[in-house]
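Undergrad: Predicted coordinates and the sequence they were generated for:
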Amino acid sequence: MKIIHKLLIKSFLKLFIVIFFTMIFIFLLQNLWKYIDDLIGKGLDLSIIFEICIYILPTLIPIAVPISILLASIMTFGYFGETYQIIAMKSAGISLEKIIYPLLLVVFSISLIVFFCTNSLIPYSNLKFKTLLYDIMNKKLELNIKEGIFFNSIDGYSIKIDEKKNNGEYLKNILIYNYKKNIKNIKTITASHGKMYNFNDKYLFFELYKGFTYQENTDSNIKKKNINTFSKSSFNKQIIKFDLSSFQLNRSDKEKYSNIAQFMNLSQLSARKDSLKNVINSKKHNFKNEFLNMFNLKSLNNDSIDKFKLNFIVNEKIERTCENLIKSTKSYIYNNSREISFKQKQLRKGKIETHKKFTISISCIIMLLVGVPIGSIIRKGGIGLPVIYATLFYLVFHVLSITFEKLSLQGVIDPQIGMWLPIIIFIPLIIKLFKIYKNNIETVKTNYFTDIFKIFNSTWIKKIF
């Protein structure tokens, strides 16, 4: 029995490791491509690109691990079924439940690692990645002045150079247009030749020779007096300094985003949940008291209502006052309801993130229990058919997870129920798959397409959907 278990674990882990790193590589490329518009042309060092990849990698674990377990289990038991090893084990009196027992322990250990990642590693990497991405998005494009093209990335300036040699050591026919908003004079500087150099990547210097400065005053007060506002001066040498701070990657403080639910562990989410509940209850209590005091509803009785009606009819001034009071009250109610709704949505987000840390780990075990009977039923190893079934069932599970997560976020379903519904739905599916396996184990061949897809004609599926 131990030999069978060792063979099974060895076969499963080999496939799992290969599939896991393949999935990680594919998802990493997909994520980098998603942010390619924010990264390209920024002149980022390789160390920054490597840092981005390091921060993205942990976030891919919740996607890569379940599908890797599903595909590895289907391929492992598909190969065992194809070579009739499962039938031999069955004839020796070994049930499928006993065969997969060690695999359950292995996958349970993997799920604990996934839980650690979702609770500790992923919130930290998400925080660092989003902070770094925000800094990169605010960084300007790389300083690259090309010949014959206006360069407009320096605020308030437009620069054009007809010819550039030796990386800026020689420039010919230079045109610099200064249109800063905080100056009243628009300047245009031309030079026959010059050079450019930077100082510690903080400042860019243009050393210009034999040129002219054209200046036009844009002050409307001077133009109204019909005074000539244009001037021209020449120079033999002039040095212009540009600030390059906007081209640098300035790192933000990570505390700026530390209050977002996706960047928190369980203890932080629990503290945030209590804080939000207190804020919501406080706002509701204050709203109730202020609303009652606004109309003095506590002290109203039948006599006061009759007097109020009489005064309302007689006095137009009271009517206008009441209209203004009603408008201000409507505005007060609207603003308070929006604020409370926003806090409640934040509370639901926290609950979703809390339950997601557990459901992702449990989904690893669910994928194993789905993959084992499917592989045993189809009796096909390799990449072909197992990949089709793994993709189909994982997509169903993933779509259900996303759907119920969105419904939970919108408040249609309680997050405590919505986040667990995909797992609850898959439990009858697992039971049905094991029944199909037990009914067909004694036959050498089976029409596995019919066996698998007839699940979707089951009455429990129709009741759910």
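TA: Great, that's in hand.
Undergrad: what's the spacing between the nearest residue to Val412 once chain neighbours are set aside and Pro123?
TA: Leaving aside its sequence neighbours, Val412 sits nearest to Gly418 (Cβ to Cβ, 6 or more residues apart in numbering; 8.0 Å). Where you see a C-beta, it was placed from the backbone N, CA and C, and this is true even at glycine. Distance, Gly418 to Pro123, using Cβ to Cβ, to the nearest Å: 21 Å.
Undergrad: what do you get for Glu405?
TA: Counting by Cβ to Cβ, the separation of Glu405 from Pro123 is 17 Å.
Undergrad: Compare those two (neighbour count), which wins?
TA: Here Glu405 and Pro123 are set side by side on neighbour count (other Cβ atoms under 10 Å), and the busier one is Pro123, at 25 against 20.
Undergrad: sorry, back to before: the residue nearest to Val412: what's it in contact with?
TA: Gly418 makes contacts with 352, 404-405, 407-408, 412, as judged by Cβ atoms under 8 Å, 6 or more residues apart in numbering.
Undergrad: What are the buried residues along the helix or strand in which Tyr394 is found?
TA: Here Tyr394 is covered by helix 384-409, with elements defined by DSSP states H and E. Across helix 384-409, burial judged by 16 or more other Cβ atoms under 10 Å covers 385-386, 389-390, 393-394, 396-397, 401, 404-405, 407-409.
Undergrad: Distance from it to the middle of the chain?
TA: On the basis of Cα atoms, centre = their mean, to the nearest Å, helix 384-409 sits 19 Å off its chain's mean C-alpha point.
Undergrad: Point out the other elements, helices or strands, that that helix touches.
TA: Packing partners of helix 384-409 (3 or more Cβ pairs under 8 Å, 6 or more residues apart in numbering; DSSP states H and E): helix 46-82, helix 316-378, helix 415-418, helix 421-440.
Undergrad: deepest of those, which one?
TA: Looking across those with neighbours counted as mean count of other Cβ atoms under 10 Å, the highest average goes to helix 46-82: a mean of 21.
Undergrad: Phe235 touches Gly194, doesn't it?
TA: No: here Phe235 does not reach Gly194: they are 11.1 Å apart, not a contact under Cβ atoms under 8 Å.
Undergrad: who touches both of these two?
TA: Common neighbours of Phe235 and Gly194 are listed as 208, 211 (criterion: Cβ under 8 Å, 6+ apart).
Undergrad: Counting neighbours, go ahead and name the busier of those two.
TA: Legend: neighbour count by other Cβ under 10 Å for Phe235 and Gly194, higher for Gly194 (23 against 13).
Undergrad: and which of the contacts of Gly418 is nearest to Leu29?
TA: Distance to Leu29 across the contacts of Gly418 (Cβ to Cβ) is lowest for Glu405, with 25.0 Å.
Undergrad: How about the contacts made by the closest one?
TA: Applying Cβ under 8 Å, 6+ apart, the residues near Glu405 are 352, 356, 418-419.
Undergrad: again, but for Ser192
TA: When contacts are counted by Cβ under 8 Å, 6+ apart, Ser192 is found next to 172-174, 209-211.
Undergrad: Kindly indicate which of those lies nearest Ile239.
TA: After measuring these against Ile239 - Cβ to Cβ - the closest member comes out as Tyr209, at 10.4 Å.
Undergrad: quick one: that closest one and Ile189 touch, right?
TA: No: Tyr209 is not in contact with Ile189 according to Cβ under 8 Å; the separation is 11.9 Å.
Undergrad: Looking at these two, which has the bigger crowd around it?
TA: Using other Cβ under 10 Å as the criterion, Tyr209 and Ile189 rank with Ile189 on top: 21 against 15.
Undergrad: Excluding chain neighbours, what is closest to that one?
TA: The shortest distance from Ile189 to any residue that is not its chain neighbour, by Cβ to Cβ, 6+ apart, is 4.3 Å, and that residue is Ile176.
Undergrad: Show me the chain divided up by domain.
TA: Split into domains by automatic domain parsing, the chain comes to 2-139+358-439, 157-247, 262-349.
Undergrad: looking at those domains, which is closest to Glu147?
TA: For those, distance to Glu147 was read as Cβ to Cβ. The smallest value, 5.4 Å, belongs to domain 157-247.
Undergrad: Same list, the contacts of Gly418, but as CSV with distance to Gln215 please.
TA: Converted to CSV, the contacts of Gly418 look like this (distance: Cβ to Cβ, whole Å):
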residue, distance to Gln215
Ile352, 60
Phe404, 66
Glu405, 61
Leu407, 64
Ser408, 63
Val412, 65
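Undergrad: how about those residues, which pair is most distant?
TA: So, the contacts of Gly418 by Cβ to Cβ: farthest apart are Ile352 and Val412, at 12.7 Å.
Undergrad: re the thing from before, pull out the buried members of the contacts of Ser192.
TA: Neighbour-count burial (16+ other Cβ under 10 Å) is assigned, among these, to 173-174, 211.
Undergrad: any chance of those residues in JSON lines, plus secondary structure and distance to Leu60?
TA: Putting these into JSON lines (DSSP: H, G, I helix; E, B strand; the rest coil; distance: Cβ to Cβ, whole Å) gives the following:
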{"residue": "Asn173", "secondary structure": "strand", "distance to Leu60": "51"}
{"residue": "Ile174", "secondary structure": "strand", "distance to Leu60": "49"}
{"residue": "Gly211", "secondary structure": "strand", "distance to Leu60": "55"}
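Undergrad: Which member of those is positioned nearest Glu51?
TA: Proximity of the buried ones among the contacts of Ser192 to Glu51 was ranked by Cβ to Cβ; the top entry is Ile174 with 37.6 Å.
Undergrad: Helices of the stretch 51-200 of the chain, residue ranges please.
TA: Per DSSP state H, counting those that start in this stretch, the stretch 51-200 of the chain carries helices over the ranges 85-91, 96-116, 122-138.
Undergrad: Now mean pLDDT too, for those helices, in a markdown table please.
TA: Shown next, in a markdown table, are those (pLDDT from 0 to 100):
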| stretch | mean pLDDT |
| --- | --- |
| helix 85-91 | 76 |
| helix 96-116 | 88 |
| helix 122-138 | 78 |
